[in-house]
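Visitor: Need coordinates for the following:
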Amino acid sequence: MIRTLVVEDDPVLAEAHVVFTGRVPGFEVVGVAGRGAEALRLLSTRGVDLVLLDLYLPDLHGLDLCRTMRAQGHEADVIAVTSARDLRLVRSAVSLGVVQYLLKPFSFAAFRERLDGYAEYRRRIGDAADAPTATGQEEVDQAFAALRHTSDASPLPKGLAPATFEAIVARLSTGVETSSADIADAVGISRPTARRYLDHLSSRRLVSREPRYGGTGRPEYVYVWLTPQTG
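Guide: Residues are numbered from 1 along each chain as shown. Got it, this is the predicted structure:
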């Protein structure tokens, strides 16, 4: 398993990233940090292979966290998960060994694509303690290509916002039976809009959808987050 540390100061987004990571086979979340100092503490006390790093943290910039990580001898790879679009930051991130850069907002498909690519990269290069030797340039190119590969994964349907999608996923991931009315109130959207997100999740088999009968009239549908199957 690829041991993953989520570093994100927004609790809703942090929970969404935890849920998303849990849905990608081969990954497990070993910690969540809302501040850079907390992230450094967890890196020192837990085995971490990968850091999902927001660049805008309340106590220090994410790139400063990367510098401190390396100075302290932490070798975990970093995927920047951020809204920062300044290309100078991208260049600095690359120079500090950030292996991928994922812009917010994003869909689960885009998130999974990055993690799947990283997992393939690790499969090709092996663990740092027991890394194989490349047979030639082609094998090295293939390892780097795994990080740069983009799939044909479909984005969210038109009209659905990734940030709202993440918030709804975080709400559902508690495992509590939830209705469109519950989601609408929690996220601050209309009930018809909430149903669109929930129906999309149901069509992707991420949630179960069952009628709940009570009183007269049409039944209300309730949704329950499906536990991911790993393998």
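
Visitor: what residue ranges in this protein score low on pLDDT?
Guide: In the predicted model of the chain, residues 126-155, 214-217, 227-231 satisfy pLDDT under 70.

Visitor: can you pull the contacts of the residue most central in space within it?
Guide: A centroid search over the chain (Cα atoms, centre = their mean) returns His17, at 3.8 Å, as the residue closest to the centre. Residues counted as contacts of His17 (Cβ atoms under 8 Å, 6 or more residues apart in numbering) are 6, 8, 52, 81, 111. All C-beta spots, glycine's among them, are computed from the backbone N, C-alpha and C.

Visitor: Please, which helix or strand holds it?
Guide: For His17, the element it lies in under DSSP states H and E is helix 11-22.

Visitor: Next secondary structure after that helix?
Guide: Per DSSP H and E, helix 11-22 leads on to strand 27-33 as the next helix or strand towards the C-terminus.

Visitor: Over to Ala109: give its phi and psi.
Guide: With angles defined as degrees, to the nearest 10, Ala109 sits at phi -60, psi -40.

Visitor: any idea how far it lies from Ile125?
Guide: 25 Å (Cβ to Cβ, to the nearest Å).

Visitor: For Val207, give the beta-bridge partners.
Guide: Beta-bridge pairing of Val207 under DSSP bridges involves Trp225.

Visitor: In this structure it contacts Val224, no?
Guide: Yes: counting by Cβ atoms under 8 Å, Val224 is a contact partner of Val207 at 6.2 Å.

Visitor: Please enumerate the strands of the chain.
Guide: Secondary structure of the chain (DSSP state E): strands at 2-7, 27-33, 50-53, 77-82, 98-103, 178-179, 207-212, 220-225.

Visitor: Alpha carbons of the third one, as PDB, please.
Guide: Read it as strand 50-53. Provided in PDB are the C-alpha atoms of strand 50-53 (Å, rounded to 0.1, in the frame of the first residue of the first chain):
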ATOM      1  CA  LEU A  50       3.200  10.300  -0.700                       C
ATOM      2  CA  VAL A  51       2.100  13.700   0.500                       C
ATOM      3  CA  LEU A  52      -1.000  15.300  -1.100                       C
ATOM      4  CA  LEU A  53      -0.100  19.000  -0.400                       C
END
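
Visitor: Mind listing residues that contact it?
Guide: Strand 50-53 is touched from outside by 2-8, 17, 21, 27, 39, 43, 62, 65-66, 69, 76-82, 98, 118, with contacts defined as Cβ under 8 Å, 6+ apart.

Visitor: go on, the shortest one?
Guide: When contacts are defined by Cβ under 8 Å, 6+ apart, strand 178-179 is touched by residues 171-172, 212, 220-224.

Visitor: what do you get for the last one?
Guide: Counting contacts by Cβ under 8 Å, 6+ apart, the residues outside strand 220-225 that touch it are 172-181, 198, 201-202, 206-212, 214.
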